[in-house]
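> structure, please.
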Amino acid sequence: MSRFLHARSSRAVAVWLFAVAALVSAMVIVGGLTRLTDSGLSITEWKPIMGAIPPLNDAAWAAEFAKYQATTEYQQVNRGMSLEDFRTIYWWEWAHRFLGRLIGAAFAIPLAIFLLRRQIPQRLVVPCFVLLGLGALQGAIGWWMVVSGLSDRVDVAPERLTVHLGLALLVFVGLLWCAFEALGDGDRTRPPRGWALASGGLLGLAWVQSLLGGLVAGNDAGRVHTDWPYMSGKALPEVDWSMGVARAFLHDPALVQFNHRLGAYLLLAAATIYVVQAFRARMPGMVRLSAALVAGMVWLQAAIGIATLMNAVPLWLGVLHQTGAVTVLGLATWTAWRVHRSEERFFTPGIRSTGL
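Numbers count the residues shown, from 1 in each chain. Sure, this is the predicted structure:
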């Protein structure tokens with residue numbers, strides 16, 4: 001059997017996975033732009049293959065515009081929109097879908113080549129196929145999201161948008177983890193249980209906070225209660241509970257924003273405690289570095305979030321805030337992987353009992 005089948009690491013595979021992760025992060029950001037520019041419903045059909053070709057002449061553009069004019073969003077929000085304005089929102093949605101197709105090709109084709117050449121470390125073969133499946137599922141979920149806004153709504157359902165975002169970020173984390181694994185030798189260190197839980201919890205909390213941000217975006221909740229630290233001068237917002245508890249948590253703009261604020265405070269506290277404890281416990285140098293970077297990025301992201309809110313989500317700040325969220329998640333993935341795969345000893349003599 002080829003020696004490559006049992007290769008413990010592969011720089012080429014790592015570069016490929018990092019590149020695909022970068023494409024996924026770009027797609028998340030373009031998806032945010034699509035939402036901020038209200039472009040997501042401009043393409044009313046799902047054509048996985050032929051949809052890659054945009055309108056090429058005036059007749060084709062007129063046909064696409066006519067389909068959009070039949071949507072509730074056009075009838076209730078954009079009635080009277082010009083064809084030129086339609087082209088603008090169309091290109092945002094087309095770019096988002098094109099990136100999805102590009103990511104599929106950028107992952108599947110090299111995967112087949114690396115498998116044939118037996119260059120993928122054996123421990124990463126199954127995870128790569130799982131990521132391939134999740135990527136295919138993401139396309140279906142994207143259309144499921146769009147469908148929710150084509151008839152009775154003027155935008156997509158916030159909960160479906162959040163599922164779409166959440167899966168994209170899970171794929172992003174998985175790609176990064178596998179890329180780090182491809183660089184390592186596969187040996188697993190045994191950190192104290194507290195550190196394993198802490199690093200995983202920080203990563204999970206960053207992901208959940210991103211989901212709460214998805215609900216904010218889906219409900220346009222960043223454009224209400226634009227003061228801070230209060231919400232329209234109050235510590236607690238007024239919530240419309242008449243819609244039901246579950247629906248309020250998903251659809252009430254004030255409650256959605258309030259929950260996102262609480263998530264930010266919790267993530268700030270967790271990241272700060274994590275980095276302080278990493279230095280106190282004399283964790284390996286790369287673990288301390290990753291902890292410091294993720295904590296610093298969380299604090300910066302909080303500042304960007306406040307500025308975004310207090311300016312009622314201008315496009316450039318909205319994009320910057322979403323970019324910050326992806327960066328936090330990437331750094332949290334790195335520090336979690338470092339805890340489990342550090343090449344250094346975790347504790348010096350006499351320090352081991354301190355744990356977390």
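> assumed residue 182 was part of a helix.
Yes. Counting by DSSP: H, G, I helix; E, B strand; the rest coil, residue 182 is part of a helix.
> I'd say it and residue 124 touch.
Yes. Counting by C-beta atoms under 8 Å, residue 182 does reach residue 124; the two are 6.3 Å apart. Glycine gets a C-beta too; all of them are placed from N, C-alpha and C.
> overlap in contacts, these two.
Residues touching both residue 182 and residue 124 (C-beta atoms under 8 Å, 6 or more residues apart in numbering): residue 13.
> those two: who's more crowded?
residue 182 (27 against 21; other C-beta atoms under 10 Å).
> list the contacts of that one.
9, 10, 11, 13, 14, 17, 120, 121, 124.
> lowest-confidence helix or strand of this structure?
Lowest on mean pLDDT, DSSP states H and E among the helices and strands of the chain sits helix 72-76, with a mean of 91.
> could you export it as PDB, CA atoms only?
Below are the C-alpha coordinates for helix 72-76, written out as PDB (Å, rounded to 0.1, in the frame of the first residue of the first chain):
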ATOM      1  CA  THR A  72     -44.600  39.700  -2.300                       C
ATOM      2  CA  GLU A  73     -41.400  41.600  -1.600                       C
ATOM      3  CA  TYR A  74     -41.700  43.500  -4.900                       C
ATOM      4  CA  GLN A  75     -45.400  44.100  -4.500                       C
ATOM      5  CA  GLN A  76     -45.200  45.400  -0.900                       C
END
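> how far off centre is it?
29 Å (C-alpha atoms, centre = their mean, to the nearest Å).
> run through who's touching that helix.
38, 41, 68, 69, 81, 149, 150, 151, 152, 153, 154, 155.
> so which bits of that helix are buried?
Within helix 72-76, the residues that count as buried by 16 or more other C-beta atoms under 10 Å are 73, 74.
> which strands or helices does the very next helix or strand once past it pack on?
Toward the C-terminus, helix 72-76 is succeeded by helix 83-116 as the next helix or strand (DSSP states H and E). With contacts taken as 3 or more C-beta pairs under 8 Å, 6 or more residues apart in numbering; DSSP states H and E, helix 83-116 sits against helix 11-36, helix 58-69, helix 125-147.
> which helices and strands sit right next to the second one?
Helices and strands touching helix 58-69, as assessed by 3+ C-beta pairs under 8 Å, 6+ apart, comprise helix 83-116.
> and if you look at the last one?
Under the contact criterion of 3+ C-beta pairs under 8 Å, 6+ apart, the helices and strands touching helix 125-147 comprise helix 83-116, helix 158-183.
> and it, what's its mean pLDDT?
Per-residue pLDDT over helix 125-147 has a mean of 94.
> centre of the chain to it, how far?
Worked out by C-alpha atoms, centre = their mean, helix 125-147 lies 14 Å from the chain centre.
> low-confidence stretches in this structure?
Of all residues in the chain, those with pLDDT under 70 make up the ranges 1-7, 185-191, 342-356.
> repeat that with 50
1-5, 344-356 (pLDDT under 50).
> can you give me the domain boundaries for it?
1-187, 189-356 (automatic domain parsing).
> which residues does the nearest residue to residue 325 once chain neighbours are set aside contact?
The spatially closest residue to residue 325, leaving aside those adjacent along the chain, is residue 210, at 5.1 Å (C-beta to C-beta, 6 or more residues apart in numbering). When contacts are counted by C-beta under 8 Å, 6+ apart, residue 210 touches 165, 166, 169, 325, 329.
> for residue 322, same thing?
Per C-beta under 8 Å, 6+ apart, neighbours of residue 322: 28, 29, 32, 213.
> roughly how far apart are the first one and residue 192?
It refers to residue 28. Distance, residue 28 to residue 192, using C-beta to C-beta, to the nearest Å: 33 Å.
> so which of the two has more stuff around it?
residue 28 (23 against 17).
> ok, now how distant is the more buried one from residue 213?
For residue 28, the distance to residue 213 - C-beta to C-beta - is 11 Å.
> what residues sit buried inside stretch 11-24?
For stretch 11-24, by 16+ other C-beta under 10 Å, it's 13, 14, 16, 17, 18, 20, 21, 23, 24.
> how about the second one, nearest residue that isn't a chain neighbour?
Using C-beta to C-beta, 6+ apart and skipping the chain neighbours, the partner closest in space to residue 14 is residue 182 (3.9 Å).
> with respect to burial, which of the helices and strands packed on helix 83-116 scores highest?
helix 11-36 (a mean of 20; mean count of other C-beta atoms under 10 Å).
> which elements pack onto that one?
Helix 11-36 packs on helix 83-116, helix 158-183, helix 193-218, helix 315-341, going by 3+ C-beta pairs under 8 Å, 6+ apart.
> out of the ones you listed, which gets nearest to residue 134?
helix 158-183 (5.2 Å; C-beta to C-beta).
> if we can go back for a sec, what would the contacts of residue 210 look like in JSON lines with neighbour count?
Shown next, in JSON lines, are those (neighbours: other C-beta atoms under 10 Å):
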{"residue": "165", "neighbour count": "25"}
{"residue": "166", "neighbour count": "16"}
{"residue": "169", "neighbour count": "22"}
{"residue": "325", "neighbour count": "25"}
{"residue": "329", "neighbour count": "24"}
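> distance to residue 313 for those - can I get that in TSV?
What follows is the contacts of residue 210, written out as TSV (distance: C-beta to C-beta, whole Å):
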residue	distance to residue 313
165	16
166	20
169	20
325	14
329	20
